[in-house]
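Asks: No sequence on hand, only this structure:
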């Protein structure tokens, strides 16, 4: 196995891959093993960041940047924000299942996925060697290639996804919005009332 | 595209050494510029406030920062009992490391030849270029957030919650204004952004992105970046008059020094980024002497102007209220940046479409803001009216 690795990947690639892969696995273990939710979230950032390093190692620079900006920079920050605001940063009692039969089922699901990955990979292990599909077929950097395929071949799915996201945002705003205006009182009246209270 | 000619002939020992030298020089330059910046800021604010300012250590007090640093270095390092020790120790580094790294993508000069190799005067020129800055600014959010949370104390937590919300909000406006620059350049690489700004209009107006894009993306970027750095007037994360010291209240000694360092390093780096994005970076006429030194001089002059600007703003403007901050970010900067992005995109096609979209944006923007303002008690127009009502009450 070691011979195979050395044959495919150059030494810097191999070193980068090994370090980043270890960080990915350590972070993933941290997410489930840490008792404190904030520490779990931090472990998750470590995993996401190491995955970004793996992307860079594969010359997928744009993907790496977006990975950190979107996941580490926005989503996990929101996790932390909620944890901090709600004050759930206490250690939970994990000796008892919240849902009956949750753990055996989770174990079973993990086993199934693991076997599936083993079956699908068919001995094609990641080694840190660069993928050669895109870089030889067309000119331009990774960013240019990505942009061209998004805005030509995959334009419709791309636009559909952005519309979907906007719908989700608008939906969230509508759901959480509470009207301060009582029914039966019109807008002008409410504004008048408010400005009166302000001048006082 | 977006790659240093240094690596075009394979990696030898000389190439490796050049990279190491570039990293060390950039590190040293940034640290020294921070030392000078802190002194410059204190001295300039003193002048603006009719004070003398630091004048004991060295000529004109120029060594004051060194003295302060030494003092902080030898102070006792306190960790509160209720603190989360690991995260408490980690947080300052999450602030300071991104601040260092962003500087690596700034081109501080042209192309030079050393040891028979050609290289660009910047530490790294990755294809993702300016996105790297967004990456690092999204990491540096964690420094502030975790510092406040891990202190296990009320005021730091409030400061960090404010800071997180603020930094995430303004990141959107910042990204949109950068998108206009990337659109007109056609590349993410910082080197390409600078080289596309070479040359002049009509022989004397420099072809800076500031002029090519109209002034709007620059203004949006300037405000967003100031909020992103937590500099005054957007320093709600610190807000010493309300929150003791904000997110770093519980920090002392070297860890506090790291936060301080990160703040000023960000100021220097972001001034450099503004110059790179909108003011032609290291471009400028060569007057006399060796031609490689003039880009560096132009770069330093332009960056210096923005450093002065930041100090000036700190001395002149009062801090914003929290709701004003959020209104500015979400209701003004993001729509304006988005609309201007549309106009820039249409201008890329041709100027008729550009002006058409401009007029369309004006009309629809006016209609939308009026429509969303109906019944909304906290819209910007409303804010203005209630303020005038307030002053009338005082009279």
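Replies: Sure, I can see it. Quantities reported herein were computed from a predicted structural model and do not represent experimental measurements.
Asks: how far away is the residue in chain A that chain B sits nearest to from residue A:167?
Replies: Nearest to chain B in chain A, going by CB to the nearest CB, is residue A:73, at a distance of 2.5 Å. C-beta: built from backbone N, CA, C; applies to glycine. Counting by CB to CB, to the nearest Å, the gap from residue A:73 to residue A:167 is 23 Å.
Asks: Same check on residue A:59?
Replies: Counting by CB to CB, the gap from residue A:59 to residue A:167 is 34 Å.
Asks: These two: which is more packed in?
Replies: residue A:59 (16 against 10; other CB atoms under 10 Å in any protein chain shown).
Asks: Correct me if wrong, but that one is in a strand.
Replies: No: looking at residue A:59 with DSSP: H, G, I helix; E, B strand; the rest coil, it is coil, so not inside a strand.
Asks: Go ahead and confirm it touches residue A:145.
Replies: No: applying CB atoms under 8 Å as the test, residue A:59 and residue A:145 come out as separate, 10.4 Å apart.
Asks: Can you name the residues that contact the nearest residue to residue B:182 once chain neighbours are set aside?
Replies: What sits nearest to residue B:182 in space, not counting adjacent residues and going by CB to CB, 6 or more residues apart in numbering or on different chains, is residue B:188, at 5.8 Å. Going by CB atoms under 8 Å, 6 or more residues apart in numbering or on different chains, residue B:188 touches A:62, A:143, B:2, B:127-131, B:182.
Asks: residues contacting residue B:291?
Replies: Residue B:291 makes contacts with residue B:110, as judged by CB under 8 Å, 6+ apart.
Asks: Repeat that for residue B:138.
Replies: Taking CB under 8 Å, 6+ apart as the test, what residue B:138 contacts is A:68-69, A:72-74, A:77, B:171.
Asks: could you point out which element follows the strand or helix carrying it?
Replies: According to DSSP states H and E, residue B:138 maps onto helix B:131-150. Next in sequence after helix B:131-150, counting helices and strands by DSSP H and E, comes helix B:154-185.
Asks: Report all helices and strands that that next one contacts.
Replies: With contacts taken as 3 or more CB pairs under 8 Å, 6 or more residues apart in numbering or on different chains; DSSP states H and E, helix B:154-185 sits against helix A:76-86, helix B:131-150, helix B:190-195, helix B:209-212, helix B:216-228, helix B:253-278, helix B:322-326, helix B:334-349.
Asks: Specify the angle between the helix holding residue B:138 and helix B:154-185 in degrees.
Replies: Angle, helix B:131-150 to helix B:154-185, by axes from the mean of the first three to the mean of the last three CA atoms, to 10 degrees: 170 degrees.
Asks: Show me what the mean pLDDT comes to for helix B:131-150.
Replies: The average pLDDT within helix B:131-150 is 86.
Asks: And that helix, how far out from the chain middle?
Replies: 13 Å (CA atoms, centre = their mean, to the nearest Å).
Asks: cool, stretch B:262-275 as well?
Replies: Averaging C-alpha positions (CA atoms, centre = their mean) puts stretch B:262-275 5 Å from its chain's average.
Asks: Report the mean confidence score over it.
Replies: For stretch B:262-275, mean pLDDT rounds to 89.
Asks: Serialize the contacts of residue B:188 to a markdown table and add fields for neighbour count and distance to residue B:275.
Replies: As requested, the contacts of residue B:188 are exported to a markdown table (neighbours: other CB atoms under 10 Å in any protein chain shown; distance: CB to CB, whole Å):
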| residue | neighbour count | distance to residue B:275 |
| --- | --- | --- |
| A:62 | 20 | 25 |
| A:143 | 23 | 23 |
| B:2 | 20 | 19 |
| B:127 | 23 | 22 |
| B:128 | 24 | 20 |
| B:129 | 25 | 15 |
| B:130 | 25 | 13 |
| B:131 | 23 | 18 |
| B:182 | 19 | 17 |
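Asks: from these, which is closest to residue B:37?
Replies: The closest of the contacts of residue B:188 to residue B:37 turns out to be residue B:130 (CB to CB; 22.9 Å).
Asks: Now do the same contact list for the closest one.
Replies: B:105, B:178, B:181-182, B:188-190, B:193, B:277.
Asks: Okay, buried residues for the helix holding residue B:138 please.
Replies: B:131-150 (16 or more other CB atoms under 10 Å in any protein chain shown).
Asks: Kindly state the domain boundaries assigned to chain A.
Replies: Domain assignment for chain A, taken from automatic domain parsing, gives A:1-91+A:115-136, A:154-200.
Asks: Would you single out the least confident of those domains?
Replies: domain A:154-200 (a mean of 73).
Asks: returning to that earlier point: most surrounded residue in the contacts of residue B:130?
Replies: residue B:277 (29 neighbours).
Asks: Surely that one is in contact with residue B:192?
Replies: No: Residue B:277 lies out of contact with residue B:192 (CB under 8 Å); the separation is 11.8 Å.
Asks: Output the below-cut-off pLDDT ranges for the stretch 101-250 of chain B.
Replies: Applying pLDDT under 70 to the stretch 101-250 of chain B flags residues B:115-116, B:239-241, B:244.
Asks: Apply 50 and report the result again.
Replies: Along the stretch 101-250 of chain B, no part satisfies pLDDT under 50.
Asks: Indicate the residue of it located nearest to chain A.
Replies: Using CB to the nearest CB, the single residue of the stretch 101-250 of chain B nearest to chain A is residue B:138, 2.5 Å away.
Asks: And that residue, how far from residue A:158?
Replies: As for residue B:138, its distance to residue A:158 is 23 Å (criterion: CB to CB).
Asks: try residue A:28
Replies: Taken as CB to CB, the span from residue A:28 to residue A:158 is 30 Å.
Asks: likewise residue B:155?
Replies: From residue B:155 to residue A:158 the distance is 45 Å (CB to CB).
Asks: Just want to know which of those two has more residues nearby.
Replies: Neighbours were counted for residue B:155 and for residue A:158 using other CB under 10 Å; residue B:155 has more, 18 against 13.
Asks: Isn't the more buried one up against residue B:237?
Replies: No: counting by CB under 8 Å, residue B:155 does not reach residue B:237; the two are 10.9 Å apart.
Asks: overlap in contacts of those two?
Replies: residue B:246.
Asks: Next, the buried residues of the strand or helix carrying residue B:368.
Replies: Using DSSP H and E, the element containing residue B:368 is helix B:351-373. Judged by neighbour count (16+ other CB under 10 Å), helix B:351-373 contains these buried residues: B:354, B:357-358, B:361.
Asks: Confirm that residue B:122 lies within a strand, as I assumed.
Replies: No: read with three-state DSSP, residue B:122 is coil and lies in no strand.
Asks: Run a quick neighbour tally on the spatially closest residue to it that is not a sequence neighbour.
Replies: Spatial nearest neighbour of residue B:122, chain neighbours left out: residue B:107 (4.3 Å); criterion: CB to CB, 6+ apart. Using other CB under 10 Å, residue B:107 has 26 neighbouring residues.
Asks: repeat for residue B:348
Replies: Neighbours of residue B:348 (other CB under 10 Å): 12.
Asks: isn't it right up against residue B:182?
Replies: No: contact between residue B:348 and residue B:182 fails when scored by CB under 8 Å: they sit 11.8 Å apart.
Asks: Wait, a strand at residue B:119?
Replies: Yes: judged by three-state DSSP, residue B:119 forms part of a strand.
Asks: Could you list every helix and strand in contact with the strand or helix carrying residue B:313?
Replies: Per DSSP H and E: residue B:313 is located in helix B:293-316. If contacts are counted by 3+ CB pairs under 8 Å, 6+ apart, helix B:293-316 sits against helix B:13-48, helix B:253-278.
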